[in-house]
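In: Sequence first, then the predicted structure, then my questions.
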Amino acid sequence: MGTLSPEALQVTEIKAFVPAKDFALAKQFYTDLGFTLASDGGGIAYFYYGNSSFLLQDFYEPKHCENFMMHLLVSDAAAWHSHVVSSGIVEKYGVKVSDVTEQPWKMLDFVLTDPSGVLWRIGQNIE
């Protein structure tokens, strides 16, 4: 057996399957947050923002949603926090957003929950 070339084993993308309690509501939430809905079919919606993406799935298991976490690395956590607050999604969807905090793991971040209870940690690296 020969060895495969690095080009043959190149990874082009990795995406998480994010669960949704109310699929239609979750799709609208992520659209309102600023993600682009690129495709939608068969209970899977593909969202992206720049080079980052995820798959929203029409699947709900309470314990899974309550323990599911996503991390979005951004260049400016304070700007993203301002974007989230000014977008009106906190009031519209009854979700929670924390203040921006400096973490001991050398990140400046905040957390946002989606309508299903999925926790997003949105942060930037700091020196």
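Out: In hand now; what should we look at?
In: Pull out the buried positions in the helix or strand of the chain with the lowest mean pLDDT.
Out: Counting by mean pLDDT, DSSP states H and E, the chain has its least confident helix or strand at helix 62-66, which shows a mean of 92. Within helix 62-66, the residues that count as buried by 16 or more other CB atoms under 10 Å are residue 65. Placement of C-beta: from N, CA and C, glycine included.
In: May I have that helix exported as CSV, CA atoms only?
Out: As requested, the backbone C-alpha atoms of helix 62-66 are provided in CSV (Å, rounded to 0.1, in the frame of the first residue of the first chain):
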residue,chain,number,x,y,z
PRO,A,62,-32.9,18.9,26.0
LYS,A,63,-29.7,17.6,27.7
HIS,A,64,-27.8,17.9,24.4
CYS,A,65,-28.9,21.5,23.9
GLU,A,66,-28.2,22.5,27.5
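In: So what touches it?
Out: 19, 21, 116-118 (CB atoms under 8 Å, 6 or more residues apart in numbering).
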